[in-house]
Structure formats: structure tokens, C-alpha cells
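# Quick one, structure for this:
(2 chains)
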Amino acid sequence: DIQMTQSPASLSASLGETVTIECLASEDIYDILAWYQQKPGKSPQLLIYDASSLHTGVPSRFSGSGSGTQYSLKINSLQPEDFASYYCQNGLSAPRTFGAGTKLELK
Amino acid sequence: EVKLVESGGGLVQPGRSLKLSCAASGFSFNDYWMGWVRQAPGKGLEWIGEINQDSSTINYTPSLKDKFTISRDNAQNTLYLQMSKLGSEDTAIYYCARAPGADYFDYWGQGVMVTVSS
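Numbering: from 1, shown residues only, chains lettered A, B, ... in the order given. Have a look, this model is predicted:
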């Protein structure tokens, strides 16, 4: 099974700042990676699929990059609604495991 | 509008079974893979499994393969999760989700809480 190691586990940032979250797969996942945002008490929402494709309606300040085993989610100019938890997901093969998550908090 | 509504959750005793349902609307249900994800209180997301359009392919996370069964009824636009031999470790919010090509979930339900306790 493919393991997904996500870092950092938590992150403190200010409004307007740019942050990056990393995800490391235990083997090459050929860009079949998704990123989700989850706010407290809500369902996860898809942000990015296929490593860098923005899901419909997602603001352009979110971007994804990477290849092979290393991927990242970048959020430019943090807005109040961006403070949430973020998860990466291996989409290449079952079980399609999630990373442990990153909690982004307001500094 | 894509809508996924889970039901069937609640309080269940250890060792018992429970069946969750997910009613889909707003899209052609039989054109999509579907899946289940759970989240224990205060924890991260755990992928449970997935089912393809005609139920010919069903995949599970290995640790749940002998306890959980995923099925679907395309005539009723409904996805199911049959859970057996439930333990406290199965206490979680259970989400159903739509998967355009099995590799990611583009729409999620609101989730249903399952609490396993005596």
C-alpha cells in the first residue's frame, strides 16, 4: 500500500501570507494526487486533482505542484476562510490513502 | 446540483451490525465510481473503499475488508455501507463521496455519525 506523509502537522500563519504544505508518497504516484480542505464541522472539499488541476470554483490563490513522490499545495495571500485543515490523497491505486492532515491556524 | 445524503447512523452496541445509505441526486449515478471515507473524532480522514459503476470492482482498505461491505443500487441511486462486528474504533463520521474516475472525490455528503458504545 502507498503511504502518504504530510508535513507540517500544523502551521501558524498571518493573513496575506503565503504557505506551502508538503506531501510525500512512499512510491511514485504519477501525479495522481488530490488535495482537500476541511473546515470544522464540515465535509472535506476538493481543491486540487491530478496534482495541479484546480477544481471548479476554487480560488486561484490555491495551487498544486510536484511529481513522482513529492507534492505540494501552495496558498497565496491567505484569506480568513483559508484557515482550515488540509489533506492530500493518493489517487493512483487502492487503498487511496490520505495524508494525516495539516491544520492551518491564524497567527 | 450534486447532492449526497447519508443516513442510517446512530448509537450501536459493540459487536452489532449497521447499514448506512447514501442517496444521490443531481447527476447520473450509474456513470460514477462512489466511495466511503470515515473520520474518527478529532482525527484525520480514513479511506474505507470504493465501488465502480456496475459493482464489478470493489476495493477496500485492508484492515476493514472483512468487516465492511460496499454495494450500490443504480435503480435507486443509492450507495450502501454494511458494517459488521463493530467496535469502539469504528466510532466516526462516515462520508460518502463521488469519484469521477476512482482517483479522487469531487463531491461529498454531509456525513453521518456512528457511535459504537454499550
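# got the residues of chain A near chain B?
Residues of chain A lying close to chain B (C-beta under 8 Å from any C-beta of the partner chain) are A:1, A:32, A:34, A:36, A:38, A:43-46, A:49-50, A:55, A:87, A:89, A:91-92, A:94-101. Any C-beta I mention is one placed from the backbone N, CA and C, and that applies to glycine too.
# Let's see which of those residues end up in strands.
A:Ala34, A:Tyr36, A:Gln38, A:Gln45, A:Leu46, A:Tyr49, A:Tyr87, A:Gln89 (DSSP state E).
# can you redo the residues you listed as TSV with distance to B:Ser118, pLDDT and neighbour count?
Below are these laid out as TSV (distance: C-beta to C-beta, whole Å; pLDDT from 0 to 100; neighbours: other C-beta atoms under 10 Å in any protein chain shown):
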residue	distance to B:Ser118	pLDDT	neighbour count
A:Ala34	38	98	27
A:Tyr36	34	98	28
A:Gln38	30	98	19
A:Gln45	35	98	18
A:Leu46	38	98	23
A:Tyr49	42	97	24
A:Tyr87	32	98	25
A:Gln89	34	98	27
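# what residues are up against the residue nearest the centre of chain A?
Centroid check for chain A by C-alpha atoms, centre = their mean gives A:Trp35 as the closest residue, at 3.8 Å. Applying C-beta atoms under 8 Å, 6 or more residues apart in numbering or on different chains to A:Trp35 gives the contacts A:Ile21, A:Cys23, A:Leu46, A:Leu47, A:Ile48, A:Phe62, A:Gly64, A:Leu73, A:Tyr86, A:Tyr87, A:Cys88, A:Gln89.
# quick check, nearest of the residues you listed to B:Gly10?
Nearest to B:Gly10 among the contacts of A:Trp35: A:Tyr87, at 26.4 Å, using C-beta to C-beta.
# Quick check: the residue nearest to the centre of chain A vs A:Ser26, distance?
As judged by C-beta to C-beta, to the nearest Å, A:Trp35 and A:Ser26 stand 18 Å apart.
# before we move on, what about A:Gly101?
To A:Ser26, A:Gly101 is 17 Å away according to C-beta to C-beta.
# ok, those two, which is more surrounded?
Each of A:Gly101 and A:Ser26 has its neighbours counted (other C-beta atoms under 10 Å in any protein chain shown); A:Gly101 has more, 20 against 13.
# The nearest residue to the more buried one once chain neighbours are set aside - how many residues pack around it?
Nearest residue to A:Gly101 in three dimensions, chain neighbours excluded: B:Gly44, at 4.3 Å (C-beta to C-beta, 6 or more residues apart in numbering or on different chains). Neighbours of B:Gly44 under the rule other C-beta under 10 Å: 16.
# can you check the one 5 residues further on too?
Look at B:Gly49: counted by other C-beta under 10 Å, it has 21 neighbours.
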